[in-house]
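In: Provided below for reference: sequence and predicted model.
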Amino acid sequence: MDLGRTDVRTPQAARDGQAPHPARDVGPTRDTGAVRELLGALSLEQKIGLLTGADNFSLPGQPLIGLRPLVMSDGPAGVRGAFLDPADRSSSLPAPIALAACWDPELIEQVAAQLGREARAKGIHIVLGPTVNLARTPFGGRGFESFGEDPVLAGRAAAAWVRGLQSAGVAATAKHYVGNDAETERWTADSRIDETTLRELYLAPFEACVVEGECAMIMAGYNKLNGITMTEHTQLLRDVLKRDWGFAGAVVSDWFAARSTVETALAGLDLVMPGPHGPWGAELVEAVASGAVSESEIDEKALRLLRVARMVGALGGEEPRAQPGPRADRQVLRRAAAGSFTLLRNSGGALPLPRNAHSIALLGPNALSPQYQGLGSAQVGAAIAVSPAEGLRAALGEPTQLTVHQGCRTWLTTPTPDPQLLTEPATRAPGARLEIRGKDGGLQHTDVLERPEVTWWDPMPPTVVRAEIRELTFRTTYRAQAPGPHRFAVAGLGALRLELDGPFEEPAPVVLAETAPPVEDPIAALSQPFEIGTVLELDEGDLVEVFASCDPSGHDGEFTRFQLGVIPMPEEDALIKEAVSAAQSSEVAVVVVGAAAGTESEGYDRQTLALPGRQDELVEAVAAVNARTVVVVNSGMPVLMPWADQVAAIIQVWFPGQEFGHALADVLLGFVEPGGRLPVTIPRSEAGVPVGRARPVDGALEYSEGLLVGYRAYDKAGREPLFPFGHGLGYTSWMFEGLDVPIGPVHAGADVEVTVTVRNTGRRAGREIVQLYLSEPEMGNVDGYPQYKRPIRVLAALGSAQAEPGEETHVRLRVPARAFARWDGETHAWVHPRGSYLLQVGRSSRDLRLSAPVLIG
Ligand code: BGC
């Protein structure tokens with residue numbers, strides 16, 4: 001197999017009538033002749049040594065050929081770095097679901113380019129993103145990391161993201177290939193997907209990343225696909241990805257997903273992560289010696305790795321100097337956040353708010369504890385985070401009185417206290433003393449932490465071997481700021497202990513001890529750790545001596561999690577009452593509700609779509625006393641909104657990243673239009689969701705709905721969602737005036753150009769997203785896929801119009817030939833059925849304004 005540039009072909013695209021995508025300098029696709037020669041200098045052992053990680057987040061270098069270590073970082077919503085380094089924090093971007101809500105590939109490309117620059121500055125060569133699994137079900141814990149429920153929108157967004165990131169000389173990694181669309185039993189679940197559905201839905205965004213984006217890396221998931229583990233899936237890795245799509249980069253395993261030697265090596269996996277241990281190394285050397293794996297297989301893997309290394313400047317010559325410490329441009333992130341905010345309802349023009357309002361009550365748990373990001377590996381240690389209160393305060397003039405109330409409680413893990421309320425006993429510094437002891441009882445590390453928490457992502461000094469940790473302890477004194485009940489808790493993986501001593505009435509000291517039950521998924525336990533705690537009644541100024549410990553040795557010591565939490569616990573009825581009375585005496589009530597920390601995370605799916613805690617009750621109580629109630633929903637995936645028709649306005653803000661507060665003020669006060677359109681359907685009830693909790697049965701997860709995911713299912717069943725896919729309001733109004741399509745038949749396999757004419761009929765300038773949906777002709781039960789299971793219409797193209805009041809503008813859309821194709825499960829190829837297709841354009845999947853037939857002949 002020739003691994004040079006000639007290997008890069010796009011037969012699929014060519015068969016579909018699209019020109020093969022030209023190789024650009026950013027992809028790992030340049031001629032590899034010189035790179036191939038380098039391999040001659042290495043022994044088999046040395047070549048195999050390159051293919052397993054050196055540690056959690058890097059691949060080893062090899063000075064003999066001028067290869068420097070390749071450093072990786074998670075990154076779909078910000079580049080964490082190989083560790084959560086407090087001295088080198090990160091920009092926190094709008095989550096991918098928010099970027100998808102922008103329906104704006106150019107903006108996504110700009111945001112990802114910012115991320116690429118920051119990655120380079122942190123010394124990162126490979127970013128582990130984008131996540132291009134589909135949001136098959138709104139219960140999916142990791143849906144916030146996806147680009148939504150539609151393969152065309154996800155593919156456009158993902159390819160733009162890859163192009164943007166790679167333009168900074170950093171490799172992107174599209175993950176998790178493929179069928180890893182939920183978290184329950186994610187290490188083993190067998191996703192059972194028919195061929196047509198796999199090609200038309202779940203593979204499509206990966207194909208876009210490879211063919212349109214020239215993505216340098218692909219990550220093979222933990223799951224099985226139709227019975228075969230993805231890291232061993234020859235058909236999908238070798239045949240589809242590498243042969244059919246011409247993928248020239250490297251396939252890396254998801255962390256610990258490579259579980260065999262020969263099978264993974266033969267199937268087309270190129271890199272095993274993390275390291276240094278794993279199933280390759282000496283076992284793979286032996287497999288080559290025994291003839292089970294050929295040396296040319298190893299060469300191919302090493303060559304693919306070297307191509308990526310060359311692309312990111314880690315091979316030969318000097319490492320390109322990173323520009324010193326640029327963080328992402330805050331204006332771009334602010335624009336993207338506002339561009340993603342999706343205005344779902346705006347009754348009586350409640351928004352934008354009057355800029356001279358005399359009083360605004362800002363209410364709700366997420367007004368004070370916003371969720372900037374979802375949890376799991378996508379999490380970053382943000383350098384900056386602007387809360388809604390800070391954003392509004394900065395934007396509002398002096399005369400507006402802004403009152404802020406929490407309204408109710410939603411946290412799952414007791415939060416760490418304000419460092420100023422903690423005193424480390426020896427130094428009297430704010431915070432807590434951390435000590436880490438090894439299995440021999442010796443002190444390995446000690447430090448004072450302002451926030452008493454340690455996670456797997458934190459850097460550990462070289463003296464600490466994670467797997468050897470015997471005990472972590474925190475010691476501090478807590479000072480109560482106000483009288484009342486306070487909760488003290490310790491959370492983590494392992495045997496936990498909490499000792500409290502002070503002037504409280506319980507028999508002092510209080511001692512609690514319990515061992516966390518075994519965990520199925522360590523990442524899940526990082527986001528929602530087991531916790532023990534107690535509530536103490538304290539007076540203002542009371543001092544409580546706190547000692548907390550965690551012995552992780554009974555658990556997988558690789559995964560550290562240990563947190564001390566303290567929080568005042570006022571009566572929740574009183575919190576709601578306070579919020580309601582603030583709403584009553586204010587001109588406007590803005591209620592910021594949403595996910596709590598840990599509601600949406602990698603490692604588990606949601607059990608319910610309802611807002612956590614008493615938030616629904618809070619919204620209803622506030623709406624009952626203030627007609628101008630605006631609800632801001634801060635969640636990655638849809639939540640139920642039983643109060644939707646009781647409030648004046650609803651705006652979905654996703655997980656918006658660090659610029660949350662500024663972007664919110666921009667949109668609420670009308671400096672900027674909310675730009676978002678839903679990339680996922682918002683259901684009316686849990687029962688109405690087409691694909692509910694994705695729970696495998698006996699290890700198998702049947703994708704029995706086939707192509708009918710998200711809006712496709714609602715349309716087919718004639719069921720009304722609460723807010724449909726594609727929905728989102730701006731601050732002006734639009735008229736769709738014309739749809740020009742080709743007259744006469746279009747050659748099967750060719751793209752179709754259409755022009756849509758829209759007019760801004762409102763009173764302010766604005767931007768409209770023009771959405772084009774396509775319905776195929778009735779073809780009966782052909783191609784091995786029954787017609788009754790095919791969607792009524794699917795998104796086929798998108799574009800945008802910018803216009804002044806009264807202005808008319810033309811939007812040209814290209815409907816790619818692929819939109820008119822379907823996968824033939826009998827011949828295993830794309831076919832382009834002839835016939836009359838209906839094109840419909842409009843403002844959402846349920847607000848279609850114009851239609852026209854196109855004859856494919
Ligand atoms: C996740 C990946 C992530 C990797 C490294 C895995 O558990 O599934 O998305 O990139 O960990 O953090």
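Out: Done, it's in.

In: neighbours around Trp456, how many?
Out: 19 (other Cβ atoms under 10 Å). (Each C-beta comes from the backbone N, C-alpha and C, glycine too.)

In: That one: what's it in contact with?
Out: 466, 522, 526, 558-561 (Cβ atoms under 8 Å, 6 or more residues apart in numbering).

In: Quick one: which of those residues has the lowest pLDDT value?
Out: Within the set of the contacts of Trp456, pLDDT is lowest for Glu558 (73).

In: Relative to Phe671, how far out is the nearest residue to that one once chain neighbours are set aside?
Out: With sequence-adjacent residues excluded and distances taken as Cβ to Cβ, 6 or more residues apart in numbering, Glu558 is closest to Arg466, at 5.3 Å. Relative to Phe671, Arg466 is positioned 47 Å away (criterion: Cβ to Cβ, to the nearest Å).

In: list the contacts for the residue of the stretch 351-500 of the chain found nearest the ligand?
Out: Closest approach between the stretch 351-500 of the chain and the ligand, counting by Cβ to the nearest ligand atom: Ser377, at 3.6 Å. Taking Cβ under 8 Å, 6+ apart, we find Ser377 in contact with 74, 128, 523, 602.

In: what about it, distance to Met219?
Out: 11 Å.

In: so what's in contact with those two at the same time?
Out: With Cβ under 8 Å, 6+ apart, Ser377 and Met219 have common neighbours Leu128.

In: Pretty sure Leu344 sits in a strand.
Out: Yes - under DSSP: H, G, I helix; E, B strand; the rest coil, Leu344 sits within a strand.

In: pretty sure it is in contact with Gly726, am I right?
Out: No - judged on Cβ atoms under 8 Å, Leu344 makes no contact with Gly726 at a distance of 11.9 Å.

In: Name the residues contacting each of those two.
Out: Leu678.

In: Can you pick out the residue with more neighbours from these two?
Out: Gly726 (25 against 21).

In: isn't the more buried one right up against Val680?
Out: No - in this structure Gly726 lies outside contact range of Val680 using Cβ under 8 Å: 10.2 Å.

In: low pLDDT regions in the stretch 651-800 of the chain?
Out: The stretch 651-800 of the chain contains residues with pLDDT under 70 at 780-783.

In: Get me the contact residues on it for the ligand.
Out: Residues of the stretch 651-800 of the chain lying close to the ligand (Cβ under 6 Å from any ligand atom): none.

In: which residues in the stretch 651-800 of the chain form helices?
Out: 660-668, 711-717 (DSSP state H, counting those that start in this stretch).

In: Checking Val332 next. Helix, strand or coil?
Out: Applying three-state DSSP: Val332 is helix.

In: where do the helices sit along the stretch 451-600 of the chain?
Out: 522-527, 572-584.

In: Could you export these as CSV, including distance to the ligand and mean neighbour count?
Out: Shown next, in CSV, are the helices of the stretch 451-600 of the chain (distance: least, Cβ to the nearest ligand atom, whole Å; neighbours: other Cβ atoms under 10 Å):
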stretch, distance to the ligand, mean neighbour count
helix 522-527, 5, 22
helix 572-584, 35, 18
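
In: Compare the ones you listed and give me the one nearest Glu778.
Out: helix 522-527 (45.5 Å; Cβ to Cβ).

In: and the nearest residue to Ala596 once chain neighbours are set aside, what does it touch?
Out: Once flanking residues are discounted, Ala596 sits nearest to Thr410: 3.9 Å by Cβ to Cβ, 6+ apart. Contact partners of Thr410, counting by Cβ under 8 Å, 6+ apart, are 365-366, 369, 596, 599, 611-613, 615.

In: Go through the residues you listed and flag which are in helices.
Out: 365-366, 615 (DSSP state H).

In: I'd like to know which of the residues you listed are buried.
Out: The neighbour-count test (16 or more other Cβ atoms under 10 Å) marks 365-366, 615 as buried among these.

In: isn't Gln110 right up against Leu333?
Out: No - between Gln110 and Leu333 there is no contact under Cβ under 8 Å: 9.9 Å.

In: Mind checking which of those two has more residues around it?
Out: Leu333 (28 against 20).

In: Quick one, grab the pLDDT at the more buried one.
Out: For Leu333, the predicted pLDDT is 97.

In: Ok, Pro11 next?
Out: pLDDT, Pro11: 35.

In: Which parts of the protein belong to which domain?
Out: With domains defined by automatic domain parsing, the chain comprises 25-80+92-311, 332-409+572-600+637-680, 419-568, 732-856.

In: how far away is the residue of the stretch 201-350 of the chain found nearest the ligand from Gln62?
Out: At 3.9 Å from the ligand, Trp255 is the closest residue in the stretch 201-350 of the chain, using Cβ to the nearest ligand atom. Distance, Trp255 to Gln62, by Cβ to Cβ: 23 Å.

In: tell me the contacts of the residue nearest the centre of the chain?
Out: In the chain, the residue lying closest to the centroid (Cα atoms, centre = their mean) is Glu145, at 1.5 Å. By Cβ under 8 Å, 6+ apart, the contact list for Glu145 reads 76-77, 95-97, 129, 131, 374, 376, 378, 602, 636.

In: now do 10 Å
Out: 74, 76-77, 95-97, 129-133, 135, 175-176, 373-374, 376-378, 600-602, 636, 655 (Cβ atoms under 10 Å, 6 or more residues apart in numbering).

In: Show me those that map onto strands.
Out: Counting by DSSP state E, the part of the contacts of Glu145 found in strands is 74, 175-176.

In: Of those, which are in range of the ligand?
Out: 74, 175.

In: What is the neighbour count of Arg358?
Out: Residue 358: His, not Arg. 11.

In: Tell me the spatial nearest neighbour of it, not counting adjacent residues.
Out: Glu587 (5.7 Å).

In: What is the burial count for the one you found?
Out: Neighbours of Glu587 using other Cβ under 10 Å come to 16.

In: quick one: contacts for it?
Out: Counting by Cβ under 10 Å, 6+ apart, the residues that Glu587 touches are 353-354, 356-361, 400-401, 626, 628.

In: got a pLDDT number for Ala624?
Out: With respect to pLDDT, Ala624 has a value of 98.

In: Could you look up the SS state of it?
Out: From three-state DSSP, the assignment for Ala624 is helix.

In: separation between it and Gly613?
Out: Distance from Ala624 to Gly613, by Cβ to Cβ: 19 Å.

In: Could you single out the nearest of the buried ones among the ones in helices among the contacts of Thr410 to Asp740?
Out: Closest to Asp740, out of all of these and judged by Cβ to Cβ, is Asn366, at 45.2 Å.

In: show me the contacts for the closest one.
Out: Counting by Cβ under 10 Å, 6+ apart, Asn366 has contacts 387-388, 406-407, 410, 591-596, 611, 615, 632-635, 653, 660.

In: for the ligand, what are the nearby residues on this protein?
Out: Counting by Cβ under 6 Å from any ligand atom, the chain sits next to the ligand at 74, 128, 175, 254-255, 377, 523.
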